[in-house]
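Asker: A structural model of the following input is requested.
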Amino acid sequence: MADSKAPRPRRVDRVHTKTVLGPDAQVDAKAVIISPDSTALTDPFLVLSEDRFSSPGFQWHPHRGVETVTLVLDGVLEHGDSLGNAGTLEPGDVQWMTAGSGIIHRELAFRDEHAHTLQLWVNLPADRKFVPTRYQDLRATSHAAHTAGGVSVAVVSGRSEGVTGPAANHWPILGLLLTLDPATRYAQLLPADHRAFCYVLSGRVTVAGRHLKAGQIAWSDPVAWSDPAVCSDPVAVNPDATSLALATPAGDERTRLMLYAGRPLGEPVVAGGPFVMNSKAQIQQAFADFHAGRFGDIPRQARLLTR
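Answerer: Okay, here's the model as predicted:
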C-alpha cells in the first residue's frame, strides 16, 4: 500500500515562450513572460516582464492595489519613492514593494550604466487593496536556503522544506530561486490549491514531463481532488499536498529557475496603467487621487552617486 501521506503529482497545464518586444522609450530591451491579457489563467500573478535598461529607465510613476516583486539579474538597480526610501539593489537581490493605497516611485540603472531585471506583479485581494505602502529590500544574503543532492533553493517568500523566506506577505506567496546541477532530480512540494509557475532563467529542465529551455514558463494549475490525471488512487495520497517534479539533463550547464506559487484570488481584475483594482470606478478614483496629490508630491530626490 502506498504511503497515505504521499503528495499528489502535479502536471503542467501550459507552456509559453517569452515575447521579445525589443527597445522602447524607457528600456534598451523588453520581453513579456506573463501577459496581463488572461489574468484568470495566471491569478494571483498578473505580469512578469524582463527589462534591460541604462537610460532613462522608469522615472517617477504611481501604483495602487498591487505588489511588485523585482529580481535583479545583472547590473545595479537604483530606486526611490514618495516615502523617502532610496537605495540600490545588486544581482540576486529582490525588492518586494507593496503599493497598497498608493505610492510614487522610480526604478533606474545606477549611474545610467546597466540594469537587467525581472519584475512580477502580484495581485492584492479586494479587502487589502488599500493597505499601507511598504518596501522590503530582500538582499541575496538574507534569503533563507536549503540544499539537497545537487539542488540549491533560495527561499524569498513562504516556506519550503522547513525554511521560511524573509518576505512579509499580504497574500501568502511561495517564492523560490532554484539552481540545479546537471542530471539532477528534485520534487518541490506545493499546496494543492495553489497555482504555480516555473520560469527558466538559464539551462534546460523537465517540469512534470514537459521539456523547457531558458525563456520558457510552465504553469501548473490548482489540483482538483477528483482529477484522475493526477490522482488515480485518492485513498493513497495526501489531499492537501502536491509535488512538482523537476529534472535536468546531463551536461556541463547548471539550470536556474524562478518558481512562484499562490492561491488564486478569484476576484474581478480591472487594470488601468499602473493601477490594479476590482472595478472601473476604482481605477477612475485612483487616477483622480493621484492627480489630486493624494499619493503625495512627486519626489525631487537627487540621483544616488554612491552605493
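
Asker: could you use CA atoms for every contact and neighbour count after this?
Answerer: OK.

Asker: all helices of the stretch 201-307 of the chain, in order?
Answerer: 280-291 (DSSP state H, counting those that start in this stretch).

Asker: in it, where is pLDDT below threshold?
Answerer: 225-239 (pLDDT under 70).

Asker: mind running it again at 90?
Answerer: Low-confidence segments of the stretch 201-307 of the chain (pLDDT under 90): 224-240, 296-302, 305-307.

Asker: need the strands for it, in chain order.
Answerer: Residue ranges of the strands in the stretch 201-307 of the chain, as given by DSSP state E, counting those that start in this stretch, are 204-207, 210-213, 216-220, 237-247, 255-262, 270-272, 275-277.

Asker: contacts only, for the spatially most central residue of the chain.
Answerer: By CA atoms, centre = their mean, the mean C-alpha position of the chain lies nearest to residue 120, the distance being 4.0 Å. Residues in contact with residue 120 (CA atoms under 8 Å, 6 or more residues apart in numbering) are 45-49, 68-70.

Asker: quick one, what contacts residue 177?
Answerer: Residues in contact with residue 177 (CA under 8 Å, 6+ apart) are 153-156, 256-259.

Asker: one more pass at 7 Å, please.
Answerer: 153-155, 257-259 (CA atoms under 7 Å, 6 or more residues apart in numbering).

Asker: that one should be in a strand, yeah?
Answerer: Yes. Assigned with DSSP: H, G, I helix; E, B strand; the rest coil, residue 177 falls within a strand.

Asker: what about it, distance to residue 5?
Answerer: 26 Å (CA to CA, to the nearest Å).

Asker: residue 196 now?
Answerer: Taking CA to CA, one finds residue 196 at 21 Å from residue 5.

Asker: more neighbours: which of those two?
Answerer: Shown here are residue 196 and residue 5; by other CA atoms under 10 Å, residue 196 has more neighbours (29 against 13).

Asker: chain neighbours aside, what residue packs nearest to the more buried one?
Answerer: residue 261 (4.0 Å; CA to CA, 6 or more residues apart in numbering).

Asker: assess the claim that the one you found and residue 194 are in contact.
Answerer: Yes. Using CA atoms under 7 Å, residue 261 is in contact with residue 194, at 5.8 Å.

Asker: neighbour count winner among those two?
Answerer: residue 261 (27 against 23).

Asker: and the contacts of residue 177, which is closest to residue 278?
Answerer: Of all the contacts of residue 177, residue 259 has the smallest distance to residue 278: 26.6 Å, by CA to CA.

Asker: of the contacts of residue 120 - the most surrounded one?
Answerer: residue 45 (29 neighbours).
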